[in-house]
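Student: Everything below, folded, please.
(chains A, B, C and D)
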Amino acid sequence: MGRTVIIDPITRLEGHGKIAIFLDDEGNVVNAYLQVPELRGFEKFLVGRPAEDAPQITSRICGVCPTAHHMAATKALDDLYAVEPPSPARKVRELVYNLFMFEDHALHFYVLGGPDFIVGPKAPKAERNVFGVLKKVGSEVGLKVIKTRKAARDMITAIAGKVIHPVFGLPGGIAKPVDESLRSKLLEVANSLVDFALFTRKIFKDLVLSNREYLDLILSDAYTHRTYYMGLVDSANRVNFYDGMLRVVDPNGREFAKFDVHDYLDHIAEHVEPWTYVRFSYLRKVGWKGFEDGVNSGIFSVAPLARLNVADGMATPYAQEAYEEMVTMVGSKPIHHTLAMHWARVIEMIQAAEKVKELAEDPEITDTNIRNMPEKPRGVGIGVVEAPRGVLIHHYETDEKGIIKKANLLVATQHNSARISLSVSKAAKSLIKNGNIDEGLLNMVEMAYRAYDPCHACATHNLPGGFKPIIHIYDIRGNLIKVIKP
Amino acid sequence: MSEVRIGVYVCHCGKNIGGVINPAKVAEYASTLPNVVVARDYVYMCSSPGQSLIEEDIRKYNLNRVIVAACSPRMHEPTFQGVLKRAGLNPWLLQMVNIREHDTWVHEDTPDKAEEKAKELVAAAVARAAHLYEITTEKFPVIKSAVVIGGGIAGIRASLDLANAGIKVYLIEKKQSIGGKMAQLDKTFPTLDCSQCILTPLMVDVSRHPNIDIYAYSEVVDVSGSAGNFKVKVKLKPTYVDWSKCTGCGTCVEKCPGRAPREFDEGLGVRKAIYFEFAQAVPRRPVIDPKHCLWFTKGICRVCEKVCPVKAIDYGQEERYVELNVGAIIVAIGYELYDLSRLKEYGYGRFKNVISGLQLERLSSADGPTRGKIVRPSDGREPKTVGIVLCAGSRDEKHVRYCCRFGCAAAIKHIYYIKHAIPDAKVLVFYTDVRAFGKGYEEFYQKYRSEDNVFFIRGRPAEIFEDKDGSLIFDVYDSNTGQLINVKADLVVLEGAVVPPKDWEALRRVLKVSCDPGGFALELHPKLRPFETTSDGVFLAGAIQGPKDIPDTVAHAAAAAAAAIGFLAKGYVESVPYLAVVNDEVCSGCGLCVSVCPYDAITIEEREGRRVAKVNSIRCKGCGACAATCPSGAMQQNYFTDTQIISEVVSLAGGAK
Amino acid sequence: MGDQFEPRIVVFACNWCSYAGIDLAGTSRIRYPHNVRIVKVMCSGRVHPEMVLKALREGADGVLITGCHPGDCHYISGNYKTMRRYLLLKKLLKELGLSDRVWLEWVSASEGDRWAKIASAFVEHIRKLGPLRLKEVMEGE
Amino acid sequence: MSKKVKVALYWCASCGGCEEAIVDLAEELLRLSEVIDIVFWPVATDFKKSDVEAMPDGSIDISIINGGIRLTEHEEMVKLLRRKSKLVVAFGSCSHLGGVPGLANLFSTDEVLKYVYFESPTVVNSEGVIPREEVVVDDGRKLELPKLLRYVRSLDQVVDVDYYIPGCAPTPDVIKKSLETLLSGVLPPKGSVLGASSRSLCDECELNKTKPEKILLKDIKRVHQVRLDLSKCYLSQGVICLGPVTRGGCGTLCIKGGMPCTGCFGPLDKVVDYGARALSYIASIVDYDDEAQAEKFVEEYIVDPVGWFYRYSLPRSLVRGRYEGLRGGAHG
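Tutor: Predicted coordinates:
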C-alpha cells in the first residue's frame, strides 16, 4: 500500500485543519482528506438556555466572526417572537454588520489570505505572512491597515457594547440607540473605510491582476471546480450580507433555487464522514454523490465568490464597478476559480464600506425607536446572515417560556467543506506525480484551502489556529521517510 | 497573632462522656493535629481544678487558641471564656466542641463510632480555631425602665419589686383592671385565706406607686430595638370613657340599663354594658362594652353620658398608641384555662351542671353571681352530691400532656368549699394521682380527704349523661377496688388543664421568644436560668413559663424582677460579638447587604469618592444574613467568617485524616 | 460494596432553634445515627450555598440545613432567606444531578425527637443514594 | 536582543477572540515587540511544537495561554509549556474559568455526538456514521482524531498557573495593564488576577449610585421582556445583572451597551464559587417569605440557573458539570 502525506495543521486561517494525502504505490494521489479535529457541541448545550441568551452564547462559537453568530441568533429571535425590529433598529444592525464585514475581510486580505498574492506564491515561505505584506506594501500601509480596522472595530464597540462578542441584539430590536455624537464619528470612519476599500482594490489590481502569472494561477484548472453556489440576495438579486432570499445557481449559472430561509431544510442536507468532526452540507434535491463536482453532485459552496456568483450584481456603485470588471476579466459567470475568492472579497469589502457610509448618513440611524416588544414565542425561530465566509443559519426550537429545546447551526465552512476537500485533493493530484512531491505542494495546497478563509472555529466550534504545516511522507510500511518543512 | 498555638482539652464529664468514649484517646489524637501544642483530658473540665488546668497551660505554653471538647457551648461556653479572660486571652479565641449532647449521649450504643466522631469534631475545631481572631465588643447604656406585660399576681409582684428598686415601670393589662386570675379566686390553698384580701392591697400599692404607670385595657402590639433600649408599642383600646376626667364614682354603672354576661364570673353572672371588671378594680375607671351598649348597638340611651357628673363619657373615643422606651421587658401574661368543651365525654358547655373549678370559685365567692351560695347553675338547687374530676384535659395525650400543677390542691380546697357550705353534701373526687407536693399541701390533703362523705376514687369518669332533672349520671372504673361505680351527681366540677393565653403566640413573635412543646415560653435554662429567655432583656414571670400555683408564681416573679433589676443596674449592654464587619478594600458598595439586613443596621457611605457599606454596631444583632448575601466576600461575620466556617466544613466533610 | 456504606453528612444548625433542638435530643438521650456532623451558625440565614457545595465537593455525601420554623427566626427573617437560597440551590443542583443530596428542615428548640427522626431519615436516604465522591468523579477522566 | 522577555502564546479550546483581542492592541502591539520576543505563537509565527520541545526547561519567561482544556492534545501542550516556562498566565475566561464552552460539561460526549450526527434536522445519516478517534479508510490507511475529554477544564485544573487575565475577551486595557505588570518585574502574589479591579463591577459602574436603598424582587424580567431605563441600576429594574458578583475592570462595557453584566470577568479573590455567590444574592433579595410563593417564583423566573450563574465558570466551579455518579449512576 501507498504512502500518507500529512499536512498538519494548516496555518493562517481561523480554524484548526488537518490534511491527509494518500498516495498509491506509483506515488500518485489516491485521495486527500480534510480533517477537522474537534467538536464543542454548542448545539447541544444551547438546550435549556433561554433563547434571548443565544446571541451572546453563540457568538462564543467564533471570536473572529462573533458578530455573524450574534446577528444570526438575533434574527432567529425576531422570528421566534414574530417581531420585526423598527426600521431604525434594523438599520443600526445592518450598519454594525457591514462594519464587521469590512474589518473581517480586511483581516483576511492583509493577514491571512492576501500574502499569497501580495508577497507572491513563489516568495520564500518565511516572508509569506503579515510581516511580508508589510514589507511589500510598506509599514505606513501596514499602520493604515491596523488603524482602519481598529476604527471600524471601535465603532462596533460603541454601538454593540463589545466587538469581541457583541451584546446589543434583542428580539425585535437592539439594546441602545445611536446618539448624534456617535453618528458624527461614524461618518468620519465611514469615509475612511471607503477610501481604504478603494485603496485595497488598487493594491490588488497593481500587485495581482496586473501580474499575468498570478492571473493565470487564479484561472488555472488546479484551482477550478464546477459546483453549485449559494448566497443571500436582496429583492433585486444584489449581494446582501444582512438579509434577503437564499439563491442557488447551478454550475452553469442557471438559478437552481431561490428560497426563504424557513425552507432551508428542503434544500440543505448534511453528510457525515467518520474521519472528521465537520459535517458536509449538500443540496438535498441533488443529493450526496461523494467528493466530486458537476451538476449531478449536490456539493455547493458559499462565501464571497459564491455570493457574487448567485447575485446579478452589487448593491453599491463602487462595488458594482469592481464587480463588472471582474466578470469581464474572467469572461464568464459563475466563476469556478477558487482563488478568485480573494478578488471577490475585495469587491465585498468595497460594498461593506459604502453601505456603512450610506447607513451612517441615514437620518433614521439616530432615531430612538429601537424596540418592538416581543410577546409569546411561537416555538420556532430561524435566522440567516451572510457571514464573511458564507451563509450562516441559526435555527432554534423553544418551549412556551422561550427556553431552547433544540438548536441547529449551519455554518459557512460546513457548506464549503466538501468543496474544500475537492480543492485540496485536486491541488495535491496536480502537484504530486509519480512519487515526486514538489516542495511547492505544501503552499499550493494551503492556498487552495486558505482561499475559502475557512473557519473551523465556526464549523466545529473548535479552536482556531495551529502550527506551520509539515508534510510527513510514509513508505509502504508506514515508516516516515521524508519530512518537508517550510 | 503570628504563630497559632492551640491547647485542646477533652472533658470526661464524669461518665457522661468518659463512660462512652475514651477522652484520653481523643486528646492523644488531638495532640497529633497541626498547631496543637498541648492536649489533655480531665474528669470535669468545668470544675475549678479543670479550669485552672487550662489557665495554667495558657500561661505555660503561651497558647493563643483554646479548644474545649465537652458539653454544649450553650451550657459552658461562658464558663470557659472566663478562663481565657483570666489567663489574659481574648474570650473569642475559645472554640468549644460538643461531644456530649451531640455525641456520647446519643451514640452510646456505638461507642467506637462515637469516639471516631469526637475525634473528627475536634479535628474540625482545630482547623477552625486557626482562623479565630480577637473580638472586642462595644458598650451601650441601658434605659433604666421596664415594661411589665400582664397585671396578674406575677405582674403585680414584679412591678412592685422593680418600682421599689427605683426603676420606672409601665404595667400593661389587657383587661379593665389588674388582678388577673387570683382576683377571681375565693380562697387560696393551703392556708384558705381570702384571695382578694391578700391581693387587693397589692393592687392598691401598684396604683399608688410613683414609679408605676398602669396601662389598663391595653395591649403590646410591637417591640423593636433591643436589650437595654426597647421600643414597645402599646395599643390603648377605646374605653369610651375619658379616664383623665373620670373619678370612678360608678354612677354610670349603676344607671346603665345594658346587660352582658360577666367575664369575671366565667359567664355565670351578669354585668352592665359600662362596667368595672370587679368591685375592687384598679384602676377604678369603667369601660363601655360596645357589643352590649344600647347606644352602640341600637343608637339609643346615652344614660351614662347624662348621669356622669364630670362629663367623662366619650362615645367617639378611638384606639390610641403609645411607644414606651424601656431597657427591659417582663412577660407576666399568665395562663388560660383549656377549652373544656373539647373534652366531649364530660359535656362541659352542653350540661349546665358541669362546671370548671374556676366557676366553682365564683359560685363560692362573696362577690360572685350567687353571693357565695354554692348552687346548681341549672336550677339554683343546692347540690347534695358533687363530683370533682382531676386532670380534666391534663396529662392526656389527646389534650395537654403536662400537669397543671395546682389542680389537685385546688380540688382539695374545693372539697372544703362544698363541705363548708353544704355540710351534708357528698363529694366524690375522681383522680389519677394526687400530687400534694407544696409546703403544707400534704397536710391539707390528708385533712380533707378524711372528712365524712368525701370519697377519693382512682379513675376517670366514662361518658357523662344528663338526667331530666339536670343531674349527671356516669360510670367510673375504680382502679383501686377494681369495681365499676355508677354515679349520679348534682354537680360536676372539672379541674381543667391550663394553656398559654391565646395572644401569646403573636406576642412571643414580636419578642423573639421561643416556646416549649406545650407552647409556653422557653426559658434560657430549665434549671439555672428559668426566668430569662433567649432574647436578652426579656424576662419571664409566672405561669407563662409553665403552669404554676400562686406561691411558685410569686417566687418566680420576684426572681424575674431581681434578674431584670440586675440587668438594668449594670447600666450597659454590650454589642454582640458576632457583629458583621466590612472589608473596605473589597466592598464595592453594591448595597445588597442593606437590602437584606433585618435591623437596618447597614448603610452605604461615600468615602474617597467610593461607595462602601458601614455597619451600625448597636443595631447589628449578628445574624450573618448580610455575609451570606455579600457577592464579593467583603462582608464577614465575627466568629463566623467564611474562612472559619468553611475550614470547619472541609474538615468534617473530609473526615479525620 | 462489602460492609454497608456509612454516609458522611454535614449539618448546619442555627444556634437558637435547631442547635438547641439537637442538644435537647442529647439531654433526652434520643438515639440517632452517628453519621451527622453539626456545624453551628448563629442563624440559618448565615449558611451560604457556597458552604453547601464546598461540603459536597470535599467529601460529604449529603448536606442537611436546619433552622427555626417559619415565623420563629430569632433574627426575624433569616430562615426565609435560607429557604429561598435553598429553593434556588435545589433547582441548580437538579441540573447538576445532585438535588437529592441536600435537604432543608425546620427544627425548633423543643423538637429533639423531630431532629432525631429527620437525622435518621436523611442518613437512610443518603445511604440509599450511595457514596457521592464528587471530587474523584469530576476530576477523574 | 536577548534582554528581551521571551514570551510564548498558545491557544487551546478557544474561539479565537483572545487572539483578536491581542491583535486589537494594534499600535501597542508594535511597541511591545520592542521589549518582548515572541518565541512561539502558532497563529502568526513559524515556530513549531518541536522547537518548543527543544528549548531548555524554564527558558521561556512567560507563557500566555487561552482557551479551555478540551483535548488530550491540549493537555500535552500546556504541560510542555509549563515545563519550559518561568511563568504561566491563563488568558481569557476559557483558560481562567472554563468559559462558555464549559457549559458542555452539562452533557456527556455521547449525548453531544448523538445530537450532532443523528438528531440534527439537516443530517442525513442512515448508516449511523459517527466520527471516531481512529478510522481506517481506503486500503487500510489510518486516520486519527484527537480524544475529547469528558469535562472541559480550566488551565489551572491541568497545570500550575501563576496569573490570570480575565475577560471574554480581555479588553485591550486589561491586556495592556497585565503585560505592564508582568514586564515590570515587580510581581503580585502568585494566583493574582491581573489588569482588572479588586472590587466588583458596581464599584466602577455609573449606575451604582442610582440604586434604591433596598432592592427586593417580586419578579425577574428577562432582557427581552423589559425596556430598561439605561440611566438606572439594571438589577433594581428586576433584570439579573451579575455586576455585584463580578470582578470589575472591563469599564462596564455591557452596561454601557444597554445590557446587564453576565459575569465574564469572573469572581473576586475571596469567592470560592462564583455561581453560588450569584445565586445567593439573587435569592436573598427575592421578596417572598411564604414558601409556596417563593417556590412559585423560582419555578417561574429562575429559568436557567446554570446558564445564568455559571455562563463562564462551570468547569471552574465546585461541582464542575453534570454529576453522573459513580459508574454512571446519575442522581437528582
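Student: ok, and the closest non-adjacent residue to residue 372?
Tutor: As the question left the chain open, I've gone with chain A. Nearest residue to residue A:372, sequence neighbours excluded (CB to CB, 6 or more residues apart in numbering or on different chains): residue A:172, at 3.9 Å. Any C-beta I mention is one placed from the backbone N, CA and C, and that applies to glycine too.
Student: Not quite, go with chain B.
Tutor: Once flanking residues are discounted, residue B:372 sits nearest to residue B:366: 4.6 Å by CB to CB, 6+ apart.
Student: Which secondary structure state does the one you found sit in?
Tutor: The three-state label given to residue B:366 by DSSP: H, G, I helix; E, B strand; the rest coil is coil.
Student: Okay, buried residues for stretch C:62-77 please.
Tutor: If you call a residue buried by 16 or more other CB atoms under 10 Å in any protein chain shown, then stretch C:62-77 has these buried ones: C:62-68, C:72-77.
Student: Pick out the most distant pair among those.
Tutor: Using CB to CB, the two most remote members of the buried residues of stretch C:62-77 are C:62 and C:76, lying 29.1 Å apart.
Student: circling back: what confidence value was assigned to the residue nearest to residue A:372?
Tutor: Turning to residue A:172, the model gives it a pLDDT of 97.
Student: Please look at it and residue A:83 and confirm they touch.
Tutor: Yes: between residue A:172 and residue A:83 there is a contact under CB atoms under 8 Å: 3.6 Å.
Student: one step back: next, the residue nearest to residue B:372: phi, psi?
Tutor: phi -60, psi -30 (degrees, to the nearest 10).
Student: what about it, neighbour count?
Tutor: 12 (other CB atoms under 10 Å in any protein chain shown).
Student: before we move on, back to that, any chance of TSV for the buried residues of stretch C:62-77, columns pLDDT and secondary structure?
Tutor: Shown next, in TSV, are the buried residues of stretch C:62-77 (pLDDT from 0 to 100; DSSP: H, G, I helix; E, B strand; the rest coil):
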residue	pLDDT	secondary structure
C:62	98	strand
C:63	98	strand
C:64	98	strand
C:65	98	strand
C:66	98	strand
C:67	97	strand
C:68	94	coil
C:72	83	coil
C:73	87	coil
C:74	85	coil
C:75	88	coil
C:76	82	coil
C:77	89	coil
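Student: Tell me if residue A:326 really is in a helix.
Tutor: Yes: counting by three-state DSSP, one finds residue A:326 located in a helix.
Student: what's it in contact with, if anything?
Tutor: Shown in contact with residue A:326 (CB atoms under 8 Å, 6 or more residues apart in numbering or on different chains): A:308, A:335, A:340, A:343-344, A:347.
Student: same check, this time on residue D:273
Tutor: By CB under 8 Å, 6+ apart, the contact set of residue D:273 is C:49-50, C:53-54, D:267, D:317-318.
Student: Between those residues, which sits nearest residue A:216?
Tutor: Distances from residue A:216 to these, taken by CB to CB, are shortest for residue D:317, at 57.8 Å.
Student: Does the closest one lie in a helix or a strand, and which?
Tutor: Applying DSSP states H and E as the criterion places residue D:317 outside every helix and strand.
Student: That one and residue D:275 touch, don't they?
Tutor: Yes: judged on CB under 8 Å, residue D:317 makes contact with residue D:275 at a distance of 5.5 Å.
Student: Neighbour count for the two, which is higher?
Tutor: Taking other CB under 10 Å, residue D:317 and residue D:275 do not tie; residue D:275 has more neighbours (31 against 26).
Student: ok, so what distance separates that one from residue D:312?
Tutor: 10 Å (CB to CB, to the nearest Å).
Student: Run through the residues that contact residue A:117.
Tutor: So residue A:117 contacts A:204, A:207-208, A:214, A:342 (CB under 8 Å, 6+ apart).
Student: one more time with 7 Å, if that's ok
Tutor: A:207-208, A:214, A:342 (CB atoms under 7 Å, 6 or more residues apart in numbering or on different chains).
Student: ok, and which of these reach chain D?
Tutor: Near chain D, judged by CB under 7 Å from any CB of the partner chain, there are no entries from these.
Student: what's the farthest-apart pair in the residues you listed?
Tutor: A:207 and A:342 (11.1 Å).
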